[in-house]
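Chemist: what follows is a predicted protein model with its sequence.
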Amino acid sequence: MSYLISDEAKDLLKDVHEFCEKEVKEQCKEYDRSGEWPKDIYKKAIDMQLQTLEVPEKYGGPGLDRVSVAALIEEMAKADAGFATTISASGLGMKPVLIAGTEEQKERACRRITEGGFGAFALTEPGAGSDAGAGKATAVKDGDSYILNGRKCFITNGGVASFYCISAMTDKSAGTRGMSMFYIEKGTPGLSTGHEEDKMGIRTSNTCDVVLENCRIPASNLIGSEGQGFKTAMKTLDQARTWMGCVATGIAQRSMEEAIAYGKQRIQFGKPILKNEVLKFKIADMEIGIETARQMVAHSLTLMDKGMPYTKESAIAKCYAGDVAVKAASEAIQMFGGYGYSREYPVEKLLRDAKIFQIFEGTNEIQRIVVANNTIGKF
Amino acid sequence: MEILVCIKQVPDDSVTVHLKANTGEADLDGISPVVNAFDTYALEMAVRLKESSGGAVTVISVGPEGTENAIKSCLAVGADSGYLINDAAFNNAGAPEKSKILASSVKYLEKSTGKHFDIIFCGKEATDYSYGQAGPQLAEIMKIGVVTDLTDIKKADAGVCCKQETEDGYRTVQTGLPCVVTVSKPAYDPRYPTIRSKLAARKMEIPVLTSSQIGNITAAKTANITLRIYEPPKRKCGVKIKEKTCADSACKAVGMLADAKLL
């Protein structure tokens, strides 16, 4: 066990492992082909309350430390990264509220999750990706309401969420200081979902546009104060990044396990190919990457639990684990040779799944900027 | 309806067990203990019956220290309370003695809690040695009826209506209460624990019953004696037929069957 976790978390890990082996791993293969969102699997996951892992104990969550939750999320990612992304993105959707929301908003968002819903965080727009401050969506105050207009894109859980935390400009002239964050529930008139992405990987997660057309919400749904939205978004991403590092680590772990299993049974030149030192070294390099990525994830989460600064560590964890996952998946394909390139075998999916972890929740280039900015100034 | 489920902790049955070369005993090192699969089916059936007819489910197990975890995993999937029956005096108990221990425990629990168990569920057998004796023996000792190999159960007017698996199909058996039932694989799977039920179950106390409460039940000398434990013989090598064409292979196979006078 590479995570140092409590006995109770180890017990839960066994349950999650069994659930993923029996209900997720094989089933997701077909959904990966079809691109359909596996509603039945998520219903079972919700029955097991897997979506509640990150809900604080105060608001009805299980009250586990973050490293324990990471062990469980990694287990889910080993079975299917899209599945783990959906579960984790639900935690992401809740974070703006937990970071800057009122007590009432926190209770409401957490209740939506514990009742069996998912959350979604909507920051990205067609013209505002890495430059999140360039968003064009607007929120105009009208008496006791805000009226929101605009289009958000690449929103994980966009089509399946019970509630959204959506950023919009309340003062366009003020740049990032003119951005505010809003809590909006599914079914609010003027809120709809648009184009659904036909993605390369993590195809069991839902990614789509979220459209705001004169969407009127109570002014009390403002999260924090006006102009604080960008700061809340950055804090949200600071936390969420480590979790994506955790999912990426799961993909890398699965890649290595598949590579070892195949390398042991594939006979060439009269012996298992894994008897060749050149391939053993591949496994060693995978394990070195995976274990260091995992420990960086755990370190960043421990800092969060202790209330210490974690911005740089979270960026390192996400960036490094994302790179490790892509490398490990690619090397797993190499171990499988021609079969690895075939969709009949499990490893090509892992590379397709892994790639997004170098892109979303801040590209790895942005992560390097975060790391550099948090390092250079200190010397 | 008061329901009792008897469970047994066994080595994980998804792992192949080998015998230790020096002692001939089963080598269980590194094999994690789990609740016997048929007992998990029995528990699920019992919990479903409770959910449709009301009442409570109590779990008991005769086993070594550490069996508390198996009982707790039952509490996480619908059982309401659990007891471990553990005493050094019971260490060498065979199947008939364990049934006596279970029967005495039932008596003790009924007396001490004031409950009267309407149905006692057991798995039809355990996946370790597959003796399959606990349920019928328990019923015999308690002088109550038993229905074996259930795949479903429903509450009926004067008792329960059981769907019993037979060699040829299914039989519907109605019986009065109290009774013992043993459970085969039903059409449904046992539920998964939820995160919260698992954490809550871990915190629950599992009272331990010893010989001071249920009496000292010692092994009857002649009840049964294990003569030898051995692994199933490895399958001997068969004949590999690999002719040039499939048709040739088929002809050769049929020819060999004819030579052996099997056709």
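Modeler: Nice, I can see it.

Chemist: which parts of the chain are helices?
Modeler: With no chain named, the answer covers chain A. Using DSSP state H, the helices assigned to chain A run over residues A:7-19, A:27-34, A:39-47, A:66-79, A:81-100, A:103-114, A:229-265, A:277-305, A:311-336, A:347-355, A:364-373.

Chemist: think we crossed wires, I meant chain B
Modeler: Using DSSP H, the helices of chain B run over residues B:37-53, B:67-75, B:95-113, B:134-142, B:195-203, B:211-214, B:246-259.

Chemist: let's have the ones you listed in a markdown table, adding mean neighbour count.
Modeler: C-beta coordinates here come from the backbone N, C-alpha and C atoms, glycine included. As requested, the helices of chain B are exported to a markdown table (neighbours: other Cβ atoms under 10 Å in any protein chain shown):
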| stretch | mean neighbour count |
| --- | --- |
| helix B:37-53 | 21 |
| helix B:67-75 | 23 |
| helix B:95-113 | 19 |
| helix B:134-142 | 21 |
| helix B:195-203 | 18 |
| helix B:211-214 | 16 |
| helix B:246-259 | 12 |
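
Chemist: and these: which comes nearest A:Gly60?
Modeler: Each of these has some distance to A:Gly60 by Cβ to Cβ; the shortest is helix B:195-203, at 8.6 Å.

Chemist: just list what that closest one packs against, helices and strands only.
Modeler: helix A:7-19, helix B:67-75 (3 or more Cβ pairs under 8 Å, 6 or more residues apart in numbering or on different chains; DSSP states H and E).

Chemist: dump those into a markdown table; add distance to B:Lys50 and mean pLDDT as well.
Modeler: As requested, those are arranged in a markdown table below (distance: least, Cβ to Cβ, whole Å; pLDDT from 0 to 100):
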| stretch | distance to B:Lys50 | mean pLDDT |
| --- | --- | --- |
| helix A:7-19 | 22 | 94 |
| helix B:67-75 | 13 | 96 |
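
Chemist: nearest to A:Met244, out of those helices?
Modeler: Checked against Cβ to Cβ, the stretch from these lying closest is helix A:7-19, at 18.6 Å.

Chemist: packing partners of that closest one?
Modeler: When contacts are defined as 3+ Cβ pairs under 8 Å, 6+ apart, helix A:7-19 sits against helix A:66-79, helix B:195-203.

Chemist: who's in contact with whichever strand in chain B runs longest?
Modeler: Counting residues, the longest strand in chain B under DSSP state E turns out to be strand B:145-156. Here strand B:145-156 makes contact (Cβ atoms under 8 Å, 6 or more residues apart in numbering or on different chains) with B:1, B:45, B:49, B:52-53, B:119, B:124, B:135-136, B:138-140, B:160-166, B:170, B:173-176, B:179-187.

Chemist: just the buried ones out of these, please.
Modeler: Buried by 16 or more other Cβ atoms under 10 Å in any protein chain shown: B:1, B:45, B:49, B:119, B:124, B:135-136, B:138-139, B:160, B:162-165, B:173, B:175, B:179-184, B:186, out of the contacts of strand B:145-156.

Chemist: show only the entries of those residues found in strands.
Modeler: Taking DSSP E as the definition of strands, the buried ones among the contacts of strand B:145-156 contribute B:119, B:160, B:162-165, B:173, B:175, B:179-183.

Chemist: what pLDDT does the model give whatever residue of chain A ends up closest to chain B?
Modeler: With Cβ to the nearest Cβ as the measure, the residue in chain A that lies nearest chain B is A:Gln49; the distance is 4.2 Å. On pLDDT, A:Gln49 comes in at 96.

Chemist: quick one: the closest residue to B:Val208 other than its chain neighbours from B:Pro64, how far?
Modeler: In space, B:Val208 comes closest to B:Leu84 once its chain neighbours are excluded; the distance is 4.9 Å by Cβ to Cβ, 6 or more residues apart in numbering or on different chains. From B:Leu84 across to B:Pro64, the span is 9 Å (Cβ to Cβ, to the nearest Å).

Chemist: ok, the two, which is more surrounded?
Modeler: Between B:Leu84 and B:Pro64, counting by other Cβ atoms under 10 Å in any protein chain shown, B:Leu84 is the more crowded of the two (22 against 13).

Chemist: what residues does chain B put near chain A?
Modeler: By the rule Cβ under 8 Å from any Cβ of the partner chain, the part of chain B lying against chain A is B:Asn69, B:Arg191, B:Tyr192, B:Pro193, B:Thr194, B:Ile195, B:Arg196, B:Lys198, B:Leu199, B:Arg202.

Chemist: show me the chain divided up by domain.
Modeler: No chain was given, so I picked chain A. Described in terms of automatic domain parsing, the domain architecture of chain A consists of the residue ranges A:7-114, A:119-227, A:231-378.

Chemist: my bad, the chain I had in mind was chain B
Modeler: The record assigns chain B these domain ranges, following automatic domain parsing: B:2-214, B:233-263.
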